[in-house]
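**Student:** Sequence and computational prediction follow.
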Amino acid sequence: MGSDGNDTDEDGGPFRATWNPEDPDSLTGAIVNTVAEARGVDGMELSELLNDVLDPDALARVLASGSGTVTVTFTLDGQSVTVDSEGAVIVEPAAE
């Protein structure tokens, strides 16, 4: 599990990572790691668990269900998270 690399704009913009749509298990790690990076903490230090916000298996099924690009946005640990069926994970850091 994990992302293929997290990245953020130098101006404090969104944190970006990728997951492998052919490996649905990679989605959870990519989300948690990117949210943790946006918060500046370890993934184990997030105040919410991904499973408390949504069912990761159901999310993977939804992303795989469309014939075009499917996009889902939700909030995890105060961060806006957008994932899509093409492998993108985008976390908009919360305003402090």
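**Tutor:** Okay, I see it.
**Student:** Quick check: which element contains the residue most central in space within the chain?
**Tutor:** Nearest residue to the geometric centre of the chain (CA atoms, centre = their mean): Ile31, 2.8 Å. Secondary structure assigned from DSSP states H and E places Ile31 in helix 25-39.
**Student:** I'd like to check what contacts that helix. Which residues are they?
**Tutor:** The set of residues external to helix 25-39 that reach it, using CB atoms under 8 Å, 6 or more residues apart in numbering, is 1-4, 6, 8, 15-20, 42-43, 45-46, 50, 56, 59-60, 63, 76-79, 81, 83, 89, 91-93. All C-beta spots, glycine's among them, are computed from the backbone N, C-alpha and C.
**Student:** I'd like the average pLDDT over the next helix or strand along the chain from that helix.
**Tutor:** Downstream of helix 25-39, the first helix or strand assigned by DSSP H and E is helix 50-53. For helix 50-53, the mean per-residue pLDDT is 94.
**Student:** Can I get helix 50-53 as PDB, trimmed to CA atoms?
**Tutor:** What follows is the C-alpha trace of helix 50-53 in PDB, where atoms were taken according to Å, rounded to 0.1, in the frame of the first residue of the first chain:
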ATOM      1  CA  LEU A  50     -10.600   6.400   7.000                       C
ATOM      2  CA  ASN A  51     -12.900   3.500   8.000                       C
ATOM      3  CA  ASP A  52     -14.800   5.900  10.300                       C
ATOM      4  CA  VAL A  53     -15.500   8.200   7.400                       C
END
